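>>> What follows is a predicted structure for the sequence shown.
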Amino acid sequence: MTTKVAWLISIVFCTLNTFANAKPTVRTYIKLDSWINNCKQYKTAYISQSGNATKLGKASQPKQRPRIWLLNWHDLSIPIPAIAYKHFDISPTGLKLSNHGKGISIKLVRSEIDSLEYLKTTKLYESFLDPEKNGKAAWKYFFGKPMNYSQFLKQSYLHTPDELKCKPETVKSDLPILSYLIKKKTIGSNDIAYPVAGIANAFVLESSLKNSIAYSAHITSPKEKNRVVSLEIYTNKTDDFNGLGTYIGLAKNKKHSANPGWLVQLQKSLGSNKPEDWKKLSSVLPGSGFDRQSAEAALLWSKVVSAKKKLNFQSKPKQANYIDPSRWLEHCIFSREKFAARKEKKIKFIDTKKPAKPVKLWKLLWNGIAIPVPAGHYDTIIVGGIDNKTNRSPSITIGRSTSLGRKKLSIAYEKKSNQTFSVKKIRRLPSEYQQLSKASNFNAEKAWNHFFNRPMSRFDIKLASMAHAPKELSCNPENIQKELPILYYLKNKIIKSNTFKIYPVKGELQGYVLEQVDTQKNEVYWNTFIQNSTKDSTYLLSLIWPKSDNYPNYGYFFSHPVKQQELKSPDWFTLLQKALDADNRENWVKLANELKKPDFDPASANSVNKWISKKFGDKNSKQGG
């Protein structure tokens, strides 16, 4: 008996070892039925796109030398069409030159990480790649070796859609080809692609558009082998820059026109990266035909370089999680200096004092929120629409035009497009932050959790942005953990430039009040954004008041809980509150009949009747008016 048990156990272990050591097959990773259908669909779609037929070939040599200058960018030779330029810009992401009137623009992107995510993370394969299988193993099975983005992209120009067989026995050869084709970049018609001389895995894509020729390239940086430099050059078809693409790369010895003074100074500034050289460029550009913004961009960059040198650490700081300290330094300083020049980025929360003199107010309960209504005579009360399938209250507008200007209170929901966006939780850092990382496998979701600890809605981010100002950023790499969220908030702090004060909403609900002044209309606005208790809606309360009127600071009452007012309210206001509370036909009809009186604009009763029809159906016999 013991011998039989031992024999059975040995058989089981041998079987398990056989399965464990079995070589993977296509079926290990791919659902064949899904694959065949998807492959055929993509093949049909790609064959119909002319750009996908483009394969890497030889560049045609121009009959005559194009009219170009050369700029050294990250040890790469970049051809600059020899024309009069109007606009220059520089930032941590790169450099731009343009003259849109002549249809010419140049965009040079600073080095990015030359990485490629595993096959498992590519959305295309979700329908037929087994999600339970290891992405690294699948990659190794189909591609054989690790590849960076440059290598992968070059492969896309070595293959065309007609190579796909889309048969069960050709999956292993088809899948890499389809992967390459998905990443293939096409700009226009009659695309041609040719290698960059002297640089592996680099090529130029030349495309013919309606009125222009586009040149794009994705080149491994000679200095940083794990990073790539991208560029886009658009030239007008009417100008002869034939052969420009052959000057991209390491063509430093090719003959070209002598660089003008501003380009010589730009090259010097890029080479030395000294503040004084960038300042010199900012003074040279206006006299060379560039606009005011160009000089400001060069001057801003001189401030970035100067601040960076002051902060330049003697000893290398500890490697921050997810973020490269040196790249953070430049990115942060640039954003801080740019934001410091914008008033709306600098203002932040302040506490407002209660007006010294008593203020006459009525209190309106709307969607469970107590809203202060300045007491006075109003002749227009408009009831707006909202989806009648919900139980939410309608939007309300209470107003009157006076000799001094408008007095109007609007109570509404954020626009639907913004509303959906504002409550959606954000759980990952935007892709731009990957460029601040050294890691090729940057995980945006883990990075978000590391810095923010929780998912945040757009409203949460807006609210947090109101509590910060650019001067809080030291940009010291040692403070990345604390300051990256502040910088993120400031980037998302979008308010009008006429905002003078920001108040936090006190009490149970979260929100903020923007006090703004329109000097042309001579009006003051208090725009209050409040999130409801369930955090699935955002309300906008907007009060407009004549600036010339001797008005109290109504912003205080929008930012503090409204207490019960002893002031007697008029009949229409009482009926409005009853209609909102009961939300039935009878009470809305009573309000419509009250607003039919001569004291009110006819549009008031009409708006209520429209609301009744929308909410309860069209029964004319029971409606007011």
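Ah, there it is.

>>> Give me the pLDDT value at the most centrally placed residue in the chain.
Centroid-nearest residue in the chain: P430, 7.2 Å away (criterion: CA atoms, centre = their mean). The model reports P430 with a pLDDT of 84.

>>> cool, the one 10 residues further on as well?
At S440 the predicted local distance difference test score is 65.

>>> now the residue nearest to the centre of the chain, nearest residue through space, not along the chain?
Nearest non-adjacent residue to P430, counting by CB to CB, 6 or more residues apart in numbering: A444, 7.7 Å away. No exception for glycine: its C-beta is placed from N, CA and C like everyone else's.

>>> hang on, the one you found packs against L436?
No: using CB atoms under 8 Å, A444 is not in contact with L436; the gap is 11.7 Å.

>>> If you count surrounding residues, which of these two has more?
Neighbours were counted for A444 and for L436 using other CB atoms under 10 Å; L436 has more, 25 against 16.

>>> who's in contact with the more buried one?
Each residue near L436 by CB atoms under 8 Å, 6 or more residues apart in numbering is listed here: 323-324, 327-328, 331.

>>> which outside residues touch the helix or strand harbouring K408?
Applying DSSP states H and E as the criterion places K408 in strand 406-413. Strand 406-413 is contacted from outside by 364, 366, 371, 373-374, 376, 378, 384, 386, 392, 395-401, 419, 523, 537-546, using CB under 8 Å, 6+ apart.

>>> rerun that using 7 Å as the cut-off
For strand 406-413, contacts defined as CB atoms under 7 Å, 6 or more residues apart in numbering pick out 366, 371, 373, 376, 384, 386, 395-400, 419, 523, 537, 539-546.

>>> Next SSE downstream of the worst-scoring helix or strand of the chain on mean pLDDT?
Least confident helix or strand of the chain, by mean pLDDT, DSSP states H and E, is helix 2-20 with a mean of 36. Following helix 2-20 in sequence order, the next helix or strand is helix 26-29 (DSSP H and E).

>>> What's the separation between R110 and S156?
R110 sits 23 Å away from S156, going by CB to CB, to the nearest Å.

>>> Revised request: answer the last question for S613.
58 Å.

>>> quick one, which of these two is more surrounded?
Neighbour tally, S613 and S156, criterion other CB under 10 Å: the higher count belongs to S156, 23 against 14.

>>> Tell me where the stretch 51-200 of the chain has helices.
Secondary structure of the stretch 51-200 of the chain (DSSP state H, counting those that start in this stretch): helices located at 135-143, 149-156, 171-183.

>>> Serialize those helices to JSON lines and add fields for mean pLDDT.
Output for those, formatted as JSON lines (pLDDT from 0 to 100):
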{"stretch": "helix 135-143", "mean pLDDT": "78"}
{"stretch": "helix 149-156", "mean pLDDT": "84"}
{"stretch": "helix 171-183", "mean pLDDT": "86"}
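
>>> I'd like to know which of those is closest to W262.
helix 149-156 (32.1 Å; CB to CB).

>>> Give me the angle between the closest one and helix 171-183.
Here the directions of helix 149-156 and helix 171-183 differ by 110 degrees (axes from the mean of the first three to the mean of the last three CA atoms, to 10 degrees).

>>> Need the residues that contact helix 149-156.
Contacts to helix 149-156, defined as CB under 7 Å, 6+ apart, come from residues 114-116, 180-181, 183-184, 201-203, 218, 220, 228.

>>> and if we set it to 6 Å?
Helix 149-156 has contacts (CB atoms under 6 Å, 6 or more residues apart in numbering) with 114, 116, 180, 183-184, 201, 218, 220, 228.

>>> got it, and stretch 236-244?
Taking CB under 6 Å, 6+ apart as the rule, stretch 236-244 contacts 62, 66, 79, 81, 102-103, 211-212, 235.

>>> where do the helices sit along the stretch 401-550 of the chain?
With DSSP H, counting those that start in this stretch, the ranges of helices along the stretch 401-550 of the chain come out as 416-423, 444-452, 458-465, 480-491.

>>> quick one: which of these is nearest T93?
Taking the helices of the stretch 401-550 of the chain one by one with CB to CB, helix 480-491 is closest: 13.3 Å.

>>> Just the CA atoms of the closest one, as CSV, please.
What follows is helix 480-491, C-alpha atoms only, in CSV (Å, rounded to 0.1, in the frame of the first residue of the first chain):
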residue,chain,number,x,y,z
ILE,A,480,9.1,68.2,-3.3
GLN,A,481,6.8,66.2,-1.2
LYS,A,482,5.1,69.3,0.2
GLU,A,483,5.4,71.6,-2.8
LEU,A,484,4.4,69.4,-5.7
PRO,A,485,0.7,69.4,-4.6
ILE,A,486,0.9,73.2,-4.2
LEU,A,487,2.3,73.7,-7.7
TYR,A,488,-0.4,71.3,-9.1
TYR,A,489,-3.1,73.4,-7.4
LEU,A,490,-1.8,76.6,-8.7
LYS,A,491,-1.7,75.3,-12.2
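
>>> From the contact counts, what lies against that helix?
helix 325-340, helix 444-452 (3 or more CB pairs under 6 Å, 6 or more residues apart in numbering; DSSP states H and E).

>>> what does that helix contact?
Contacts of helix 480-491 with the rest of the structure, by CB under 6 Å, 6+ apart, involve 320, 323, 328, 332, 335, 339, 451-452, 464-465, 468, 472-473.

>>> Could you list the buried residues of that helix?
By neighbour count with 16 or more other CB atoms under 10 Å, helix 480-491 contains the buried residues 480, 483-490.

>>> report the angle between the axes of that helix and helix 458-465?
Going by the same axes, to 10 degrees, helix 480-491 makes 110 degrees with helix 458-465.

>>> So for helix 480-491, mean pLDDT?
Mean pLDDT, computed over helix 480-491, is 95.

>>> Give me the angle between that helix and helix 444-452.
Counting by the same axes, to 10 degrees, helix 480-491 lies at 100 degrees to helix 444-452.

>>> Could you check the angle helix 480-491 makes with helix 325-340?
Using the same axes, to 10 degrees: helix 480-491 against helix 325-340 is 30 degrees.

>>> now this protein, which segments are flagged as low pLDDT?
By pLDDT under 70, the weakly predicted segments of the chain are 1-22, 116-135, 186-190, 251-254, 312-320, 385-391, 415-423, 440-441, 564-566, 619-625.

>>> re the thing from before, now do the strand holding K408: distance to the chain's middle.
30 Å (CA atoms, centre = their mean, to the nearest Å).

>>> before we move on, what about stretch 489-504?
18 Å.

>>> Buried residues, it. List them.
489-490, 493, 495, 499, 501-504.
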